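> Just a sequence and a predicted model for now, questions to come.
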Amino acid sequence: MAAMLQTIGVASPAASGTFPDHQKFFVSSLHSLPVIRSEARLNFGSIHGSSRAGKLIAKAVATKGENSAASAASKAGHELLLFEALREGLEEEMDRDPRVCVMGEDVGHYGGSYKVTKDLAQKFGDLRVLDTPIAENSFTGMAIGAAMTGLRPVIEGMNMGFLLLAFNQISDNCGMLHYTSGGQFTIPAVIRGPGGVGRQLGAEHSQRLESYFQSIPGIQMVACSTPYNAKGLMKAAIRSENPVVLFEHVLLYNLKERIPDEEYVLNLEEAEMVRPGEQVTILTYSRMRYHVMQAVKTLVNKGYDPEVIDIRSLKPFDLYTIGNSVKKTHRVLIVEECMRTGGIGASLTAAINENFHDYLDAPIICLSSQDVPTPYAGTLEEWTVVQPPQIVTAVEQLCQ
Amino acid sequence: MALSTHRSTATLLRHLKATTTTTIPFLRNLSTNSTSTITVETSVPFTGHKIDPPSRSVETTPQELMSFFRDMALMRRKEIAADSLYKAKLIRGFCHLYDGQEAVAVGMEAAITKKDCIITAYRDHCIFLGRGGTLLESFAELMGRKDGCSKGKGGSMHFYKKEGGFYGGHGIVGAQIPLGCGLAFSQKYKNEENVTFTLYGDGAANQGQLFEALNMAALWDLPAILVCENNHYGMGTAEWRAAKSPAYYKRGDYVPGLKVDGMDALAVKQACSFAKEHALKNGPIILEMDTYRYHGHSMSDPGSTYRTRDEISGVRQERDPIERVRKLLLLHDIANEKELKDIEKEVRKEVDEAIAKAKESPLPEPSELFINVYVKGYGAESFGADRKEVRAVLP
């Protein structure tokens, strides 16, 4: 996979750090969504005074068993946006297995409010790409009932926040039925939708449901962040026999990346190594990955060597990858978009403390969103989520 | 009323039998195993909402009536036994008993096949038996043993039988209704000529998700039959105190409805086969079963604080489903008193044996705690773009 990511600031230019000239970047305005351009090579290492100046890290994303030179040279694959990658994954799975069907509001004729299901209804018919009335509790329940008989529904919440209305169905029937029936029924459903803080969408449309769902036994949760992992996770989620909640982010739908032409499926329980490093482990997921990578540019300039891991799997945590990283760097920073109280970061902090306490040289720092309803005003909204300067400060603090 | 005539004839018959063994000319002489049809009138006519109700005359056979009697006696016996087990603290937690409502379970079974699906709420013991569940599985599950139908991990409210088309067993009031419409959706998706019976109570009839699910079922013509088992009390609240309109069969508005005497197994059978035919052609239909439960809402509810004992015993005398079938059997000379008593004794013995066997069944292993939380093997197998298989191994 030859796609590499250059992080783009999503905040206003005033809030972001300084960018050295020789690195290519795009700074987006407050009104456009970030765009990722894939490049063949990337200069991370040539920073003044850094002992790692000679080491060229050709790829931001580590892949197993691939020759860096070969992949750097190849331009195979096709470029697309994240929502197109999700659609591709969904379409491939629907072609492959006739039991896969989609249910949600405006997924059929309208094509999906974020165009993830565009043209699928024309191809597969109205029954397989079902436009439901606005009744989240009931159509989620319906999908779960269908899953009990062997169908593989993909439930779309137009915004993850709306799925709070279906909490009972997701918690009791989706998560627990396999257990309470003694293994008789499996619920191979996928629940997906965009969540997270967007562009001044208001409090009710900016919710992070991963913190509410994380205690439900029996479900798996994954968060996608790039077109490559979006398609792979979508396919894996559909093929999984367990109910999977796939968290997308409203602001990431227009990310562009070059993904392979061949079919691929990613592992649902695996974390992604975004940038290997030696000094500090930064754990993040979804949109905060890009804030982290932007901060990493500044940090690398200042001579730090952070290791960035996109945890991807929110339930269960990939403690194998995370643990190996902690054992190497001994310092952990968690950057997440959930609220401070009871969020994914809180659980992850507890998990790392319990399992890897002996390897930590410093207390874990967890940067989360503020415990407030997301305000409408632009500046206030910016302050509710973690911004790159805060990440830089936290790393500096950790590495003292 | 048709039944009162039968009652007086039956009394007459009993007197005559004491003196002579010859049969009265106007009664047919049938053996138990004959399959010749008998036509019986239901106790009350059906009332329809936006639909023409089916006829009051139900065709049945002696064999079927005998099976009704036996099955209902078994269910009744089982529920009474569960009552004693609960008081002996062998069954804990919640235990919602179905005695009085058996006619709904057996009547429905008689009208459908195992390929049709049934899903209900927490008053599920007898429907489980009707769908092919064994006594051992149900008692073991109630006592939390590993031979239970859900391996002891579900309990009273979570009986399931996949092979029998029984989808549970759900604790949250009304949550099973969208699930039931999902089962119907799946049947339509796969083009099966089967239907789903989604049972709920008069308490759940006021849930929003019922109307949401009904809307979707009607919109897409799903083969869903929503059956309201109206036992007139939502735990302690009488129906007239909870619903502005207790005519639950009419609440579907654009969905046709039928009101059925739920204590008459033959009426239930007629209504269910009528509903199945309707659902396969025209989409959803609501059946309101007018029934009654003798026990309280659950074992922790005495059942007499919100209704009088006279009411309970009145219903037991006038409308008891087992008594009705017994009278039919006696009237049509399909069995005599002694045979029926023998069946009841046999059933009692069966239940006692099952309880003894269930008591011997061991409690689940501690490792069962973590089994079946996820389907074994976690997520899908995965491979990267270079086609090498990649699996993460959790510590």
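Yes, it's here.

> Compute the number of surrounding residues for the closest residue to residue A:113 other than its chain neighbours.
With sequence-adjacent residues excluded and distances taken as Cβ to Cβ, 6 or more residues apart in numbering or on different chains, residue A:113 is closest to residue A:158, at 5.3 Å. Glycine gets a C-beta too; all of them are placed from N, C-alpha and C. For residue A:158, the neighbour count with other Cβ atoms under 10 Å in any protein chain shown is 19.

> which residues touch residue A:158?
Applying Cβ atoms under 8 Å, 6 or more residues apart in numbering or on different chains, we find residue A:158 in contact with A:104-106, A:113, A:193.

> and the two most separated of the residues you listed?
Longest distance between any two of those is 12.1 Å, between A:106 and A:193; criterion Cβ to Cβ.

> Which of those two has more residues huddled nearby?
Using other Cβ under 10 Å, the more surrounded residue of residue A:106 and residue A:193 is residue A:193, with 23 against 15.

> Quick check: which element contains that one?
Residue A:193 is part of strand A:190-195 when elements are defined by DSSP states H and E.

> ok, now residue B:324?
Per DSSP H and E: helix B:321-331 holds residue B:324.

> and the helix or strand just after that helix, what other elements does it pack with?
Moving toward the C-terminus from helix B:321-331, the first helix or strand encountered (DSSP H and E) is helix B:337-360. Under the contact criterion of 3 or more Cβ pairs under 8 Å, 6 or more residues apart in numbering or on different chains; DSSP states H and E, helix B:337-360 touches helix B:62-87, helix B:135-142, helix B:321-331.

> run the last query once more with 6 Å
Under the contact criterion of 3 or more Cβ pairs under 6 Å, 6 or more residues apart in numbering or on different chains; DSSP states H and E, helix B:337-360 touches helix B:62-87, helix B:135-142.

> now what about that helix, what contacts it?
By Cβ atoms under 6 Å, 6 or more residues apart in numbering or on different chains, the residues outside helix B:337-360 that reach it are B:70, B:73-74, B:77-78, B:81, B:135-136, B:139-140, B:143, B:326.

> Please apply the same query to stretch A:91-104.
Contacts of stretch A:91-104 (Cβ under 6 Å, 6+ apart): A:117, A:124, A:128-130, A:132, A:139, A:143, A:151-156, A:235, A:238.

> and residue A:358, how many residues sit next to it?
8.

> Could you give the backbone dihedrals for it?
Main-chain dihedrals, residue A:358, degrees, to the nearest 10: phi -70, psi -20.

> same check, this time on residue B:264
Residue torsions, per degrees, to the nearest 10, at residue B:264 are phi -110, psi 110.

> that older thread, quick one: which of the contacts of helix B:337-360 is nearest chain A?
Chain A lies nearest to residue B:140 out of the contacts of helix B:337-360, by Cβ to the nearest Cβ, at 11.1 Å.

> okay, and the helix or strand of chain A with the least pLDDT?
In chain A, the helix or strand scored least confidently by mean pLDDT, DSSP states H and E is helix A:68-73, which has a mean of 44.

> my guess is residue B:214 is in a helix, correct?
Yes. Judged by DSSP: H, G, I helix; E, B strand; the rest coil, residue B:214 forms part of a helix.

> quick one: secondary structure of residue B:92?
Under the three-state scheme (three-state DSSP), residue B:92 adopts coil.

> Residue B:282 versus that one, what's the distance?
Relative to residue B:282, residue B:92 is positioned 45 Å away (Cβ to Cβ, to the nearest Å).

> swap in residue B:321?
29 Å.

> higher neighbour count, the two?
More neighbours surround residue B:321 than the other of residue B:321 and residue B:282, with 29 against 14 (other Cβ under 10 Å).

> residues contacting that one?
B:72, B:102-103, B:263, B:265 are the contacts of residue B:321 under Cβ under 6 Å, 6+ apart.

> Turn those residues into CSV, columns for pLDDT and neighbour count.
Formatted as CSV, the contacts of residue B:321 follow (pLDDT from 0 to 100; neighbours: other Cβ atoms under 10 Å in any protein chain shown):
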residue, pLDDT, neighbour count
B:72, 96, 27
B:102, 95, 30
B:103, 96, 29
B:263, 95, 27
B:265, 95, 32
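
> For these, work out which two are farthest apart.
For the contacts of residue B:321, the farthest-apart pair by Cβ to Cβ is B:72 and B:263; their separation is 10.7 Å.

> Tell me, how many residues neighbour the residue in the stretch 201-350 of chain B that chain A sits nearest to?
The minimum distance from the stretch 201-350 of chain B to chain A, using Cβ to the nearest Cβ, falls at residue B:212 (3.6 Å). Residues near residue B:212, counting by other Cβ under 10 Å, number 23.

> What segments of the chain are helices?
The chain I'm using is chain A. A:68-73, A:82-96, A:120-124, A:136-148, A:167-168, A:176-180, A:210-213, A:227-239, A:288-302, A:319-329, A:344-356, A:378-384, A:388-398 (DSSP state H).

> actually chain B
B:2-19, B:62-87, B:102-111, B:125-130, B:135-142, B:176-189, B:208-219, B:239-242, B:265-282, B:309-319, B:321-331, B:337-360.

> which outside residues touch the fourth one?
When you say that, I think you mean helix B:125-130. B:75, B:98, B:102, B:105, B:109, B:120, B:138, B:159, B:166.

> For the fifth one, give me the pLDDT.
On pLDDT, residue B:109 comes in at 96.

> low pLDDT regions in the stretch 251-395 of chain B?
Within the stretch 251-395 of chain B, the segments meeting pLDDT under 70 span B:376-395.

> let's see 90
Low-confidence segments of the stretch 251-395 of chain B, defined by pLDDT under 90: B:300, B:302-304, B:366-395.

> before we move on, what about chain A?
Looking at chain A by pLDDT under 90, you get A:1-76, A:267, A:269-270, A:315-316, A:400.
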